[in-house]
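[1] Show me the folded form of this:
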Amino acid sequence: MKYLVDQFLDFIALEKGLSPNTRLAYQSDLLKLIQFLERRKTATLNAVTRKDILDFLLFEKEHGLEINSISRLFVAVKVFFRYLQQEGLLTQNITEVMDSPKLWKALPATLSFKEVERLLAAPEGDKPIALRDRAMFEMLYAAGLRVSELCNLTLDNIYFDAGYLRCTGKGQKERVVPFSDKASAVLKKYLEEGRLKFTEDPQNRCIFISRRGRKISRKTVWKIIKQYARKADIRKKISPHTLRHSFASHLLANNAPLRVIQEMLGHADIATTQIYTHIDQSRLKSIHEQFHPRVK
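    The predicted model follows:
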């Protein structure tokens, strides 16, 4: 089977003129497949079934591969099998009628309301670090910010009297997002009692500052949230984006209109926001009970 992979790689490099990087990507993906099949004691590629391919993709998904990477992996497998069929090396191309993994539902991880409360309370005390971290968590959850948007917030973006902030999202699109009185109080406390401990430079307008007096990085926020998740005894695999997902799903659970959630998240397409309707099963059940004519 490895010989056939090598033969295919030569074909795409020499006859199709694909770049060395593309060849390496195909090689990496297809060797993963071959190793998986060898562990299953599959003797030839003609013995491979659709279930084998699906099991392979699910194996990679369970080992942390993102859905977009799995989709690319599947494309490599399909192109390889098509080549084998065209060369008369495969009796039947079983991947021909298989759907792309892009069609699989990749639901984002969310926290329950109680888990969010535990995470927000995890940075305890009035030391500058705790004040900063608590304010970061509050803003991620209160405004549904992306981590890059949080890191780029400046003092000029916050309007405490009106209760909203301005942030710049994907595609340099600016949006206005309201945030709660509770988040406002936590942020004010950090700005008044904590931020000046990190920097006294009047030219530095960034809100969230690292220990070195610079704008905090996305990587640092990632590490901080992992640390506090352990402290809050949250066993789920979470990231700063988890608070954004939780913000959206909790708004939906409390009957916020999907279009409003779309605007607050800064999604260009409503289809991106609609994924949260798959998460909140309790809301779907209550709507079904309320409106279906055969329930009562």
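[2] and residue 270, what is it in contact with?
    Residue 270 makes contacts with 258, 259, 262, as judged by CB atoms under 8 Å, 6 or more residues apart in numbering. To be clear about C-beta, it is placed using only N, CA and C from the backbone, and glycine gets the same treatment.
[3] actually residue 276, not the one I typed
    When contacts are counted by CB under 8 Å, 6+ apart, residue 276 touches 245, 248, 249, 252, 258, 261.
[4] taking the contacts of residue 270 one by one, which sit in strands?
    In strands, judged by DSSP state E, none of the contacts of residue 270 are found.
[5] Which ones among those map onto helices?
    Of the contacts of residue 270, the ones assigned to helices by DSSP state H are 258, 259, 262.
[6] give me the number of residues near the residue lying closest to the first one once chain neighbours are set aside?
    Same thing as residue 258. Spatial nearest neighbour of residue 258, chain neighbours left out: residue 273 (5.8 Å); criterion: CB to CB, 6 or more residues apart in numbering. Residues near residue 273, counting by other CB atoms under 10 Å, number 20.
[7] what about residue 273, distance to residue 60?
    Look at residue 273 and residue 60: by CB to CB, to the nearest Å, they are 28 Å apart.
[8] now the contacts of residue 270 in a markdown table, with distance to residue 216?
    Listed next are the contacts of residue 270 as a markdown table, based on distance: CB to CB, whole Å:
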| residue | distance to residue 216 |
| --- | --- |
| 258 | 32 |
| 259 | 32 |
| 262 | 28 |
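[9] any idea which of those is closest to residue 66?
    Nearest to residue 66, judged by CB to CB, of the contacts of residue 270 is residue 262 at 23.0 Å.
[10] still on that earlier bit, among the ones in helices among the contacts of residue 270, name the buried ones.
    Buried members of the ones in helices among the contacts of residue 270, scored by 16 or more other CB atoms under 10 Å, are 258, 262.
[11] The ones in helices among the contacts of residue 270 into JSON lines, with extra columns for pLDDT?
    Formatted as JSON lines, those follow (pLDDT from 0 to 100):
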{"residue": "258", "pLDDT": "88"}
{"residue": "259", "pLDDT": "91"}
{"residue": "262", "pLDDT": "92"}
